[in-house]
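In: below are the sequence and a predicted model; questions follow.
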Amino acid sequence: MTIGILKEPASETRVSLLPEAVATLTKKGITVLTEQGAGEKAYSQDEDYTNAGAQVKSRGEVIQQSDILLAIHPLQESISSKIIIGVYQPLFAPAVMQQWAQAGLTTFSLDMLPRTTRAQSMDVLSSQANIAGYKAVLLAANSYGRYFPMFMTAAGSIAPAKILILGAGVAGLQAVATARRLGAVVEVFDTRPAVKEEVMSLGAKFIEVEGAADASKAGGYAVEQTEEYKKKQEDRIAQSIAKADIVVTTAQIPGKKAPILISEAMLSSMRNGSVIIDLAAATGGNTPVTKNNETVQYKGVRIIGDSNLQAGMPSDASKLYGKNILNFLQLIISKEGAINLNWEDELVKGACITHDGQVVHERVKVSN
């Protein structure tokens, strides 16, 4: 059996497997092919892959000769009768999934894995969100024209930066921890009361708004709220955002546009020089003016839209992502090194989007 590692688009610095992960597969007798230059942006050279037991080949050769293709982002080529594994956001691209089904591809999109305890070791969303939350605060600190911590000097005192984090998922909690380490005063809003204890344990203040819809089964994502709750939420966020120097937003709803949590009126209430880091930019953003992969100036407020901040730490991000991939491969490869698609396994079934000429994932079928 042969596994192929493809080079990602120019804007992506990560790679599906680093050489250390490749060695794990080759020791089991699995043939690994790597596209030329696949790991360069993650500081892994072709020679490193060769030393780990992989064969470095052209993109065409890797695609043609591999049974399983690893590519974080959707492939641009028209290919057929392969297994592909990555993070494809199928709920936002049902037409593409239909095309892949017709081409005979078996597609596993790891962002669709059931959010269960057993799936944690394969949870690419969490492993990458952790990095994104960390980088979001560092990016904010670099973009903000003032100190984060309190400074008391002979020339006078500097008050600490006030940071508001919207969403206390994996990215949000890491943002809290990082901002606190840098000495900022942190407030956190989340529709899930259950995260209050985690937020407070990290030294941040939790903003409570009563009446939120139950999000316990949403896999860590936001859920649609009632209009009454949205109004109370808006009023409470408006109070905090007017005092905030930096805002980090992370709220997304699977398969839908990201909710607008920061209105233009709220933006207008922020002081000049304030910074917003919008991690939901790829799905529209949590402000009405967010643009993905761009920085927007709005009345003195800098809004940075970036849903791929994890790419700013390509080596560690690739290491964690690769570990997720290796753990998932154990579910679909037998001990003898052969492909074994066990459809009785809820994780295999839950991550599979297309198979046998059809879109097989129920949620993607609905969105099609």
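Out: Right, received. Where do you want to start?

In: which residues in this structure form helices?
Out: 19-26, 46-51, 59-65, 94-102, 124-143, 170-181, 196-201, 227-241, 264-269, 314-332, 346-351, 362-367 (DSSP state H).

In: which secondary structure elements does the third one contact?
Out: Same thing as helix 59-65. Judged by 3 or more CB pairs under 8 Å, 6 or more residues apart in numbering; DSSP states H and E, helix 59-65 is in contact with strand 2-5, strand 31-35. All C-beta spots, glycine's among them, are computed from the backbone N, C-alpha and C.

In: from the contact counts, what lies against the shortest one?
Out: Packing partners of strand 2-5 (3+ CB pairs under 8 Å, 6+ apart): strand 31-35, helix 59-65, strand 68-70.

In: let's go with 6 Å and repeat that
Out: With contacts defined as 3 or more CB pairs under 6 Å, 6 or more residues apart in numbering; DSSP states H and E, strand 2-5 has these neighbours: strand 31-35, strand 68-70.

In: nearest to residue 332, out of the ones you listed?
Out: Smallest distance to residue 332 across the helices and strands packed on strand 2-5 (CB to CB): 8.1 Å, for strand 68-70.

In: now tabulate the helices and strands packed on strand 2-5 in TSV and tack on distance to residue 114 and mean neighbour count.
Out: Below are the helices and strands packed on strand 2-5 laid out as TSV (distance: least, CB to CB, whole Å; neighbours: other CB atoms under 10 Å):
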stretch	distance to residue 114	mean neighbour count
strand 31-35	28	24
strand 68-70	21	23
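
In: which one of these lies nearest to residue 96?
Out: Residue 96 lies closest to strand 68-70 among these, at 15.5 Å (CB to CB).

In: and that closest one, average pLDDT?
Out: Strand 68-70 shows a mean pLDDT of 98.

In: partner strands of that strand and their direction?
Out: Paired strands of strand 68-70, with direction, are strand 2-5 (parallel), strand 83-86 (parallel) (DSSP bridges).

In: now do the last one: distance to the chain's middle.
Out: What that stands for is strand 83-86. 17 Å (CA atoms, centre = their mean, to the nearest Å).

In: what are the contacting residues of that strand?
Out: 68-72, 105-108 (CB atoms under 6 Å, 6 or more residues apart in numbering).

In: and stretch 347-360, what's buried?
Out: 347-355, 359-360 (16 or more other CB atoms under 10 Å).

In: who's sitting farthest from the centroid in this protein?
Out: residue 154 (43.9 Å; CA atoms, centre = their mean).

In: now do it, the pLDDT please.
Out: According to the model, residue 154 scores 89 on pLDDT.

In: and if you look at residue 224?
Out: Confidence score, pLDDT, at residue 224: 65.

In: reformat the helices and strands packed on strand 2-5 as CSV; add distance to residue 160.
Out: Output for the helices and strands packed on strand 2-5, formatted as CSV (distance: least, CB to CB, whole Å):
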stretch, distance to residue 160
strand 31-35, 47
strand 68-70, 44
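
In: and these: which comes nearest residue 57?
Out: Taking the helices and strands packed on strand 2-5 one by one with CB to CB, strand 31-35 is closest: 5.4 Å.

In: name the helices or strands packed onto that closest one?
Out: Against strand 31-35 (3+ CB pairs under 6 Å, 6+ apart) you get strand 2-5, helix 19-26, strand 55-57, helix 59-65.

In: what comes into contact with it?
Out: Residues contacting strand 31-35 (CB under 6 Å, 6+ apart): 2-7, 22, 25-26, 49, 54-57, 59, 62, 66.

In: which strands border it, and is each parallel or antiparallel?
Out: strand 2-5 (parallel), strand 55-57 (parallel).

In: so for it, mean pLDDT?
Out: Mean predicted confidence for strand 31-35 is 98.

In: please put the alpha-carbon coordinates of that strand into PDB.
Out: C-alpha atoms of strand 31-35 as PDB (Å, rounded to 0.1, in the frame of the first residue of the first chain):
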ATOM      1  CA  THR A  31       5.500   2.900   0.900                       C
ATOM      2  CA  VAL A  32       5.400   6.700   1.300                       C
ATOM      3  CA  LEU A  33       5.800   9.000  -1.700                       C
ATOM      4  CA  THR A  34       6.400  12.700  -1.100                       C
ATOM      5  CA  GLU A  35       6.000  15.500  -3.700                       C
END
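
In: would you mind getting the angle between that strand and helix 19-26?
Out: 150 degrees (axes from the mean of the first three to the mean of the last three CA atoms, to 10 degrees).

In: what is the burial count for residue 143?
Out: Per other CB atoms under 10 Å, the neighbour tally for residue 143 reads 15.

In: repeat for residue 152
Out: With other CB under 10 Å as criterion, residue 152 counts 8.

In: partners of the closest residue to it other than its chain neighbours in the sheet?
Out: With sequence-adjacent residues excluded and distances taken as CB to CB, 6 or more residues apart in numbering, residue 152 is closest to residue 158, at 7.8 Å. On the basis of DSSP bridges, residue 158 is bridged to residue 151.

In: residue 158 is in contact with residue 151, isn't it?
Out: Yes: Residue 158 is within contact range of residue 151, at 4.1 Å (criterion: CB atoms under 6 Å).

In: how about stretch 358-368: buried residues?
Out: So, applying 16+ other CB under 10 Å, buried residues of stretch 358-368: 359-361, 364, 367.

In: now render those residues as JSON lines, adding distance to residue 113 and pLDDT.
Out: Formatted as JSON lines, the buried residues of stretch 358-368 follow (distance: CB to CB, whole Å; pLDDT from 0 to 100):
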{"residue": "359", "distance to residue 113": "17", "pLDDT": "96"}
{"residue": "360", "distance to residue 113": "15", "pLDDT": "96"}
{"residue": "361", "distance to residue 113": "11", "pLDDT": "96"}
{"residue": "364", "distance to residue 113": "14", "pLDDT": "92"}
{"residue": "367", "distance to residue 113": "17", "pLDDT": "65"}
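
In: many thanks, I have nothing further to ask.
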